[in-house]
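Colleague: take a look and give me a structure for this.
(chains A, B, C and D)
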There are 2 protein chains.
Amino acid sequence: MVDQSKPLRKSQRVDLKTLAEELGLSQSTISRALRAHHSIPESTRRRVTSAAERLGYSPNVRARGLATGRTEAIGLVFPLERLQLAQTNFVDVLTGISDVVTRRNYSLLLTPFSDNEQEVLRKLATSRTVDGIIITRPLVDDPRIPLLHDLGIPFVVHGRSDADLPYSFIDIDNAAVFEKLGGLLLDYGHERIAVLNSFLRFRYANARREGYRRALEGRGRVPDPDMMFETPMTEQAGYDLATALLGSENPPTAFLCGSVFLAQGVYRAATERGLRVGQDVSVVCHDDGLRGIRPADFDPPLTSTFRSVREAGEHLAETLINLVETKGNKEPTREVAEVDLILRESVGLHRHHR
Amino acid sequence: MVDQSKPLRKSQRVDLKTLAEELGLSQSTISRALRAHHSIPESTRRRVTSAAERLGYSPNVRARGLATGRTEAIGLVFPLERLQLAQTNFVDVLTGISDVVTRRNYSLLLTPFSDNEQEVLRKLATSRTVDGIIITRPLVDDPRIPLLHDLGIPFVVHGRSDADLPYSFIDIDNAAVFEKLGGLLLDYGHERIAVLNSFLRFRYANARREGYRRALEGRGRVPDPDMMFETPMTEQAGYDLATALLGSENPPTAFLCGSVFLAQGVYRAATERGLRVGQDVSVVCHDDGLRGIRPADFDPPLTSTFRSVREAGEHLAETLINLVETKGNKEPTREVAEVDLILRESVGLHRHHR
DNA sequence: CAGCGCTACGCAAGCGCTTGCGTAAATTTG
DNA sequence: CAAATTTACGCAAGCGCTTGCGTAGCGCTG
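Modeller: Residues are numbered from 1 along each chain as shown, chains lettered A, B, ... in the order given. As a prediction, the model looks like this:
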């Protein structure tokens, strides 16, 4: 029997072979013992794990990956600028993802790209760097979905697309978002409502527009194209647009915003003109529950639909890892979360008799 | 000769062997051709690359990693909460890192941890998941540095530690930060200066305190322990502290803040008490150049020392990748960037005769 | 034209792990 | 108590790539 208390050989590469020699066992046995295979009795398992501990062994993930075909890593592919922008919900999604990834003992490979996302995706998939991929902000008809589907790698989408394929996604009911917010404003008597939506090439913006249309239609009204805007979701954009609109001859009495940042900008513009939000002008928006910017803390508190995007991140990772571990032979997961409309003081009745 | 125009077999795993058979060459030749080895003539190289292109081949990184001992990935290890916090410079560092990593065709493995960082580091290093590691926010005498040094994996630190080892780091001259800012306030006649520093266990906070001490000493003065604070670097913390201090019987006339967030809080507290920053009370801080919060846009514009932390992120990645590619047989890189003191309107002469 | 050095490529041994299959020894069964 | 199981482990073949070494075939040289 070998000396079991041989001291930890500092910073020496220790692999299965070393361990095997150390214990007078074969590599296979060691390997199985470490993975708690049932054919290995508890006694040797303990002998092995304690030796592994002592020598500071941890398996070479590349070799293991080669052998098993799995990496225990997932990839997040996104445009680099989403990290560069100050006002984005991206970091919150990332936080949710990385939380779950860590909990489930996976690694997260960040894969930003500056152009040619398709190529990046193809590479990532065919090089078998990761077991699965998360993509975000799908277009109305997003080419990435058929691509990933064809590549045969597990993936999940933050948001949906119109593709008729059995893919998994985590989304919220974006139509309901604008239907609820729009409905509220309409019920409060507003007739000129400025709608600050994101770009319609994105599926979610599209769905929101549709939701707003439904809100109008249900009340026997039709959309006013002049009041529908596609804009970046930033404070500055909200400010600029609101400033222009409020200064026009027939200003809106309410603003329906796609994000809290836009709402922030609208607040600033309104305040600057001496208008009181909630009285002179109403503002509502959708709230992703971002770190550090809370509608409840606005002055006055901002009415919004709410759904935590961080939670979406968690579900994305959870879903993807499950997918990977079941090898995808499961129904795709398709989550469409409901949003809550939370009434606060930023909405007031429209006084028809100005 | 094989049919060269055989169509791309959709989502079929194509490896070196496939390619070899396709072209009637050996795997070695294919491999060398793809890596542009000199022994392969241009003609076959082109034949190979074009076939690879056509079949959508990209090498299995796990296998390659096993064979070469390299992954072309680097890891960033950080406490999960740094991503969860709203007010942190972490995302800016991350942006810089991920920018360079992408440009140099590496991958970035995000490795958050909730506890036992040492173990996480050890695992990451010994499992050979990444070629190198970036760590941040070193303590005065940080145990991670000897650990990584012993593990023999390339690493670079964002900031320094007192370890007497040949490791690489990217830092700024933190002593100069507080020496310059403090010196300015002193020269403007301020005598009661509240110093809002970070926690002294961090090397940078320590260096800053030392810098402030030098500023005092150079002017024949000594620190007032009652005016030195260790605090989280958040707006709320700045606000709370400033509110308390300004309400005390002998309030400070100036605030030296470790971050823009703290300064923001101080501004709010001052404004709330009807004090005008730059006249009734002076405020200075260090500015990391974070996305979305610019001292120049404060009201009044905020005097600060400046150095872009995003750039630090870029240098971190650059340095680490160089280290990896030279196998570390190079002098360690030790960058101590100077900061610029940018004078704005948040500082006024102290009127001795109140 | 024998001998030489190139050129262009192939052989095969790894890299460190997993896993199907095989097999002694120990245990249970009828 | 022989036969059938079970237990506890070893053998060796991969996983897909890289790379040191080897070697045909070629054009040159003297």
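
Colleague: please make it C-alpha for all contacts and neighbour counts, starting now.
Modeller: Will do.

Colleague: near DNA strand D, which residues of chain A?
Modeller: A:24-30, A:39-41, A:44, A:63-64, A:66-67 (CA under 7 Å from any atom of the strand).

Colleague: overlap between those and the residues near DNA strand C?
Modeller: Checking those against DNA strand C (CA under 7 Å from any atom of the strand), the matches are A:Gln27, A:Ser28, A:Thr29, A:Ala63, A:Arg64, A:Leu66, A:Ala67.

Colleague: in helices only, show me those residues.
Modeller: Among those, DSSP state H puts A:Gln27, A:Ser28, A:Thr29, A:Ala63, A:Arg64, A:Leu66, A:Ala67 in helices.

Colleague: number of residues surrounding A:Arg32?
Modeller: A:Arg32: 15 surrounding residues under other CA atoms under 10 Å in any protein chain shown.

Colleague: tell me which element the residue nearest to it when sequence neighbours are not counted falls in.
Modeller: Nearest non-adjacent residue to A:Arg32, counting by CA to CA, 6 or more residues apart in numbering or on different chains: A:Ile40, 7.0 Å away. Per DSSP states H and E: A:Ile40 is located in neither a helix nor a strand.

Colleague: one more: the one 5 residues further on?
Modeller: Following DSSP H and E, one finds A:Arg45 within helix A:42-55.

Colleague: which parts of stretch A:144-160 are buried?
Modeller: Across stretch A:144-160, burial judged by 16 or more other CA atoms under 10 Å in any protein chain shown covers A:144-146, A:148, A:151-160.

Colleague: which helix is the longest one in chain A?
Modeller: Chain A, longest helix under DSSP H: helix A:309-325.

Colleague: so which elements touch that one?
Modeller: The helices and strands touching helix A:309-325, judged by 3 or more CA pairs under 8 Å, 6 or more residues apart in numbering or on different chains; DSSP states H and E, are helix A:90-103, strand A:132-136, strand A:155-158, strand A:168-172.

Colleague: avg pLDDT for the second one?
Modeller: This points to strand A:132-136. Averaging pLDDT along strand A:132-136 yields 97.

Colleague: and that strand, which strands flank it?
Modeller: Strand A:132-136 has the following strand partners under DSSP bridges: strand A:73-79 (parallel), strand A:155-158 (parallel).

Colleague: in PyMOL, how would I select the buried members of the residues of chain A next to DNA strand D?
Modeller: Command for PyMOL that selects the buried part of the residues of chain A next to DNA strand D, burial taken from 16+ other CA under 10 Å:
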select buried, chain A and resi 27+29+30+40+63+64+66
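
Colleague: give me the lowest-pLDDT entry from the residues of chain A next to DNA strand D.
Modeller: Between the residues of chain A next to DNA strand D, the one the model trusts least by pLDDT is A:Ser39, at 81.

Colleague: can you pull the contacts of A:Ser31?
Modeller: By CA atoms under 8 Å, 6 or more residues apart in numbering or on different chains, the residues touching A:Ser31 are A:Leu16.

Colleague: hmm, back to that, looking at the strands paired with strand A:132-136, which is nearest to B:Val130?
Modeller: Among those, strand A:73-79 comes nearest to B:Val130, with 12.2 Å by CA to CA.

Colleague: burial count for whatever residue of the stretch 101-250 of chain A ends up closest to DNA strand D?
Modeller: The nearest approach of the stretch 101-250 of chain A to DNA strand D comes at A:Ser127, 7.5 Å away (CA to the nearest atom of the strand). By other CA under 10 Å, 19 other residues sit near A:Ser127.

Colleague: isn't it right up against B:Ala63?
Modeller: No - using CA atoms under 8 Å as the test, A:Ser127 is too far from B:Ala63 to be in contact (9.6 Å).

Colleague: just to revisit the earlier point, now, the most widely separated pair of the ones in helices among the ones next to DNA strand C among the residues of chain A next to DNA strand D?
Modeller: In those, two members sit farther apart than any others by CA to CA. They are A:Thr29 and A:Leu66, at 19.1 Å.

Colleague: how does chain A divide into domains?
Modeller: A:16-59, A:73-172+A:310-337, A:174-308 (automatic domain parsing).

Colleague: quick one: the strands in chain A?
Modeller: Applying DSSP state E to chain A gives strands spanning A:73-79, A:107-113, A:132-136, A:155-158, A:168-172, A:193-197, A:228-230, A:254-257, A:282-287, A:303-306, A:334-337, A:340-342.

Colleague: turn these into CSV, including distance to B:Gly274.
Modeller: What follows is these, written out as CSV (distance: least, CA to CA, whole Å):
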stretch, distance to B:Gly274
strand A:73-79, 45
strand A:107-113, 46
strand A:132-136, 46
strand A:155-158, 47
strand A:168-172, 45
strand A:193-197, 36
strand A:228-230, 40
strand A:254-257, 33
strand A:282-287, 30
strand A:303-306, 30
strand A:334-337, 46
strand A:340-342, 34
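
Colleague: and among the ones you listed, the most buried is which?
Modeller: Highest mean neighbour count of the strands of chain A: strand A:282-287, a mean of 30 (counted as mean count of other CA atoms under 10 Å in any protein chain shown).

Colleague: what pairs with it, parallel or antiparallel?
Modeller: Strand A:282-287 has its sheet partners listed here by DSSP bridges as strand A:254-257 (parallel), strand A:303-306 (parallel).

Colleague: will you turn the strands paired with strand A:132-136 into JSON lines that also has mean pLDDT and distance to DNA strand C?
Modeller: Converted to JSON lines, those look like this (pLDDT from 0 to 100; distance: least, CA to the nearest atom of the strand, whole Å):
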{"stretch": "strand A:73-79", "mean pLDDT": "96", "distance to DNA strand C": "15"}
{"stretch": "strand A:155-158", "mean pLDDT": "97", "distance to DNA strand C": "22"}
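
Colleague: how deep is the residue lying closest to A:Arg45 once chain neighbours are set aside tucked in, by neighbour count?
Modeller: Sequence neighbours aside, A:Ala33 is the residue nearest to A:Arg45 in space, at 4.9 Å (criterion: CA to CA, 6+ apart). Using other CA under 10 Å, A:Ala33 is surrounded by 22 other residues.

Colleague: how far away is A:Ala33 from chain B?
Modeller: 18 Å (CA to the nearest CA, to the nearest Å).

Colleague: near A:Ser346, how many other residues are there?
Modeller: When neighbours are counted by other CA under 10 Å, A:Ser346 registers 24.

Colleague: show the model's pLDDT score for it.
Modeller: 96.

Colleague: how about A:Ile172?
Modeller: On the pLDDT scale, A:Ile172 is placed at 97.

Colleague: correct me, but it touches A:Arg334?
Modeller: No - between A:Ile172 and A:Arg334 there is no contact, the gap being 10.3 Å when judged by CA under 8 Å.

Colleague: can you pull the poorly scored residue ranges out of chain A?
Modeller: Within chain A, the ranges that satisfy pLDDT under 70 run A:1-12, A:328-329, A:352-354.

Colleague: near DNA strand C, which residues of it show up?
Modeller: Within reach of DNA strand C by CA under 7 Å from any atom of the strand, chain A has these residues: A:15-17, A:27-29, A:31-32, A:35, A:58-61, A:63-64, A:66-68.

Colleague: could you rerun that using 6 Å?
Modeller: Taking CA under 6 Å from any atom of the strand as the criterion, chain A approaches DNA strand C at residues A:15-17, A:27-28, A:31-32, A:59-60, A:63-64, A:66-68.

Colleague: and the two most separated of those residues?
Modeller: Checking the residues of chain A next to DNA strand C with CA to CA, the most distant pair is A:Lys17 and A:Thr68, at 18.4 Å.

Colleague: please identify which of these two sits among more neighbours.
Modeller: A:Lys17 (14 against 9).

Colleague: once you drop chain neighbours, what's closest to that one?
Modeller: Using CA to CA, 6+ apart, the nearest residue to A:Lys17 is A:Gln27, at 6.1 Å.

Colleague: what's near enough to touch that neighbour?
Modeller: A:Gln27 touches A:Leu16, A:Lys17, A:Leu19, A:Ala20, counting by CA under 8 Å, 6+ apart.
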